[in-house]
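[1] below are the sequence and a predicted model; questions follow.
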Amino acid sequence: MTTIDVTPETGKKPESPANPRRRVYRPNTKYIPILATLALLVIMYTSGVVNYENFGQPSVLVNLFRDNAVLLVVAVGMTFVILTGGIDLSVGAVISMTTTLTATLLQGGWPPLVVLVLVLLLGSLLGAGQGAVIHYFKVEPFIATLAGLFLARGIALFINQSSIPIRDETWKAISEYRIEIADGVVTKPIAIVALAAVLIAAAVLAWTRFGRNVYAIGGNADSALLMGLPVGRTRIAVYTLSGFCAALGGVLFSINSTSGWALQGNGLELDAIAACVIGGVLLTGGSGYVFGTLLGVMVTGLIQTIIIFQGDLNSAWTRIIVGVLLFAFIVMQRLVTRKVKQ
Amino acid sequence: MTAILKNRLFWPAAILVVLLVVNMFTSNQFVTVRDGHLFGTFIDILRGSAPLVLVALGMTLVIATGGIDLSVGSVMAISGAVACLLISDLGNQNSVGSVLLIIGIAILVSLVLGLWNGALVAVIGIQPIIATLILMVAGRGIAQLITDGQIINVQSGPYATIASGFFLALPVAFLIAAAAVALITLLTRRTALGLLLESVGGSPTASRLAGIGARRITIMVYVVSGGFAGLAGLIYSANIKSADSISAGNLIELDAILAVVIGGTALIGGRFSIAGTVLGAILIQTLGVTVVAVGVPAKATLLFKAIVVVALCLSQSPTFRQKVFGRFKPRPAVRAEVPA
């Protein structure tokens, strides 16, 4: 899609760079994980259409964006972090902090726009703090963002332990607003925001210097530093971006449910990571696309849709199927990367 | 003096001592004897920390080889679910033999789950964090399927004993954890096993070239981690006398990793400290108990924990220490006794 031709090679040099004919085949291998996910998505969708009535209606596809808007936005931020070789465990907690804070402030009569800007800033700030700790103090991302998880959820629980309703007019208006895409196909503004986040992120990753730096750091941080790339700035920016995306996800959550709750978004960080992996983003960093993450989110969303359509399946199957898919995709990635090495 | 201060375990140990002292003053019974058993806050801490100590112990070995095991919480849920399901089907739930057999089956299941993780990491060559993520995601679903989404209650005396029983005046759960710690310490520090673990963590390739069965050792640590997680799951479910597939071991992987890191084991592998891990696990448990004891409102407990965790992580970062304390400290050559 929008991400063609810009990924720097990630550390694996061709054995014979002098032979131009070998280069013809190589770009294809990077797309194999994404193509596999796309194929899976198509197969799942077709089997859904064949097996269930009404599955073929466009609203099913459109609703995927609406139902997974929060996960999509969070997973986009997570993609950037994973591309640099890091991980962000705090996103679910940032969502809960954002929804709780938003609901509390709106209840207190703050102007909606101020609340929006404030919570987005706070999420970014927390992300920046994590990035700074990771970069300057060399604390491992896993641990630093784990502390961030505790901190954000701690703040959320401290503000309020119970669910807070949102009665603000603006929030309700956005929540009840419907956009008619085609005849009979309606969606919510949050789906549009999520889609916009995907497109902007894909463009940033593909066509900006920042995007290239992200890939370079994920490929090899030391080489990136030696090349004179702003490693520290990029790394902090990536966590800031993830914090921002998580806060945005929280805002979408609060709009969708018109409430705030400190236990919202529990475990969402793992869903986001799983979506990235299914979408072909390598957890070692340096390889993957936002478009792949989008497909990953769609796959997990479609599994849930199919389980709902099936009706008699235990919801526990969602987790098991996601686990099986994770396994399949990881093994496939492994085989692909092995082939590239040989 | 500086040698003690520079020890990575100094700050965690100091915080633990402070917390224990606080508990000594806030609780009216720190350690007492009642009905021939030891009772009180301190004993509660020891008993309550048993599952975390067990999980963190397995995690230490995994991390020593440069891996990580995210699936421990799910393994706990599965082992508790298996045990409670089988016990609830028993005609006589108080039969010691059957309960022991069931405990054996549950632990066997956990070992197999560990073997799955180990095979993914060592045979297929998947990154540990993703390999164990698979079981973490799917495992809780499996546990929910086993219990059919219900909470299975059991009324088994022998089963409850492993969590709340006493033996030789000490809690059985604590004794189980202590035995596990002793066993692993003996195996890793009195045999070459510890050295082999560290060498695999340092460089699997170099270890293999040096004639060490790196693959076998990697698989083994995941099996051990699975087994300990299963044992922890049994203690957890015996404590609440039921199998709760959703909240059993929820987020314990994070607490366990934290305990390991507090204990001075680097996540990159190649070095590990069992004493440090035990210290870390007890510290985390004590923190939870203390927060309640000193009357921090329930809603602020997690925030309090977060602040302590942040402080601990920063205090253990050498770069942070150098940047923050470095400027206050005169040159060591001149006055070495000034504490950092």
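    Now that the structure is in, tell me what you want to look at. Numbering: from 1, shown residues only, chains lettered A, B, ... in the order given.
[2] any regions of the chain where pLDDT drops low?
    All of this refers to chain A. A:1-29, A:333, A:336-342 (pLDDT under 70).
[3] my bad, chain B
    For chain B, the ranges with pLDDT under 70 are B:1-8, B:35-38, B:298, B:316, B:325-340.
[4] centroid residue for it?
    residue B:56 (2.3 Å; C-alpha atoms, centre = their mean).
[5] how close does that one get to chain A?
    14 Å (C-beta to the nearest C-beta, to the nearest Å). Yep, even glycine has a C-beta here, placed from its N, CA and C like the rest.
[6] that residue contacts residue B:261, doesn't it?
    No - Residue B:56 is not in contact with residue B:261 according to C-beta atoms under 8 Å; the separation is 10.0 Å.
[7] so how far is the helix or strand containing the residue nearest to the centre of chain B off the chain centroid?
    Residue B:56 is located in helix B:50-64, with elements delineated by DSSP states H and E. With C-alpha atoms, centre = their mean, to the nearest Å as the basis, helix B:50-64 stands 4 Å off its chain's centre.
[8] one more: stretch B:287-305?
    The answer for stretch B:287-305 is 21 Å, by C-alpha atoms, centre = their mean.
[9] measure that stretch end to end?
    7 Å (C-alpha to C-alpha, to the nearest Å).
[10] and that stretch, does that touch chain A?
    Yes - Stretch B:287-305 comes into contact with chain A (C-beta under 8 Å from any C-beta of the partner chain), by way of B:298-305.
[11] quick check: buried residues in that stretch?
    B:287-291, B:293, B:299, B:301-305 (16 or more other C-beta atoms under 10 Å in any protein chain shown).
[12] take the residues you listed and keep only those in helices.
    Within these, residues falling in helices by DSSP state H are B:287-291, B:293, B:301-305.
[13] so what's the residue of the stretch 1-150 of chain B found nearest chain A up against?
    In the stretch 1-150 of chain B, no residue comes nearer to chain A than residue B:138, which is 2.5 Å away by C-beta to the nearest C-beta. Taking C-beta atoms under 8 Å, 6 or more residues apart in numbering or on different chains as the criterion, residue B:138 is in contact with A:319-320, A:322-324, A:326, B:74.
[14] from the residues you listed, which is closest to residue B:160?
    residue B:74 (23.5 Å; C-beta to C-beta).
[15] wait, isn't the closest one in contact with residue B:144?
    No - between residue B:74 and residue B:144 there is no contact under C-beta under 8 Å: 10.4 Å.
[16] what distance do you get for residue A:270 to residue B:128?
    15 Å (C-beta to C-beta, to the nearest Å).
[17] do residue B:91 as well
    For residue B:91 relative to residue B:128 (C-beta to C-beta), the value is 43 Å.
[18] tell me if I am right that residue A:180 is in a strand.
    Yes - remark: residue A:180 belongs to a strand, assigned using DSSP: H, G, I helix; E, B strand; the rest coil.
[19] burial of residue B:9, as a residue count?
    18 (other C-beta atoms under 10 Å in any protein chain shown).
[20] over to residue B:27?
    Neighbour tally, residue B:27, other C-beta under 10 Å: 17.
[21] which residue packs closest to it, ignoring adjacent ones?
    Excluding the flanking residues, the one nearest residue B:27 by C-beta to C-beta, 6 or more residues apart in numbering or on different chains is residue B:41, at 4.1 Å.
[22] give me the neighbour count for residue 187.
    Went with chain A since none was named. For residue A:187, using other C-beta under 10 Å, the count is 18.
[23] other chain: chain B
    Neighbours around residue B:187, by other C-beta under 10 Å: 15.
[24] any idea how far it lies from residue B:180?
    Residue B:187 is 11 Å from residue B:180, by C-beta to C-beta.
[25] next: residue A:199.
    For residue A:199 relative to residue B:180 (C-beta to C-beta), the value is 52 Å.
[26] more neighbours, the two?
    residue B:180 (20 against 16).
[27] spell out which parts of the stretch 201-342 of chain A neighbour chain B.
    So the stretch 201-342 of chain A meets chain B at A:270, A:273-274, A:277, A:283-284, A:314, A:316-320, A:322-324, A:326-327, A:330-331, A:334 (C-beta under 8 Å from any C-beta).
[28] filter those down to the buried ones, PyMOL style.
    Applying 16+ other C-beta under 10 Å to those, the buried members can be selected in PyMOL as follows:
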select buried, chain A and resi 270+273+274+277+283+284+316+317+318+319+320+322+323+326+327+330+331+334
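[29] quick check: helices, which of the residues of the stretch 201-342 of chain A next to chain B are part of them?
    A:270, A:273-274, A:277, A:316-320, A:322-324, A:326-327, A:330-331, A:334.
[30] count the neighbours of residue B:97 for me.
    If we define neighbours as other C-beta under 10 Å, then residue B:97 has 8 of them.
[31] cool, residue A:51 as well?
    11.
[32] how much space between the nearest residue to residue B:131 once chain neighbours are set aside and residue A:207?
    In this structure, residue B:131 finds its nearest non-sequential neighbour in residue B:120, 3.8 Å apart by C-beta to C-beta, 6+ apart. Distance, residue B:120 to residue A:207, using C-beta to C-beta: 37 Å.
[33] before we move on, what about residue A:274?
    In terms of C-beta to C-beta, residue A:274 sits 28 Å off from residue A:207.
[34] cool, and residue B:295?
    56 Å.
[35] is any part of the helix of greatest length in chain B close to chain A?
    Criterion DSSP H: the longest helix present in chain B is helix B:214-240. No - using C-beta under 8 Å from any C-beta, helix B:214-240 never reaches chain A; the gap is at least 15.4 Å.
[36] helices and strands around that helix, which ones?
    Packing partners of helix B:214-240 (3 or more C-beta pairs under 8 Å, 6 or more residues apart in numbering or on different chains; DSSP states H and E): helix B:50-64, helix B:72-89, helix B:96-119, helix B:157-164, helix B:172-189, helix B:193-202, helix B:204-209.
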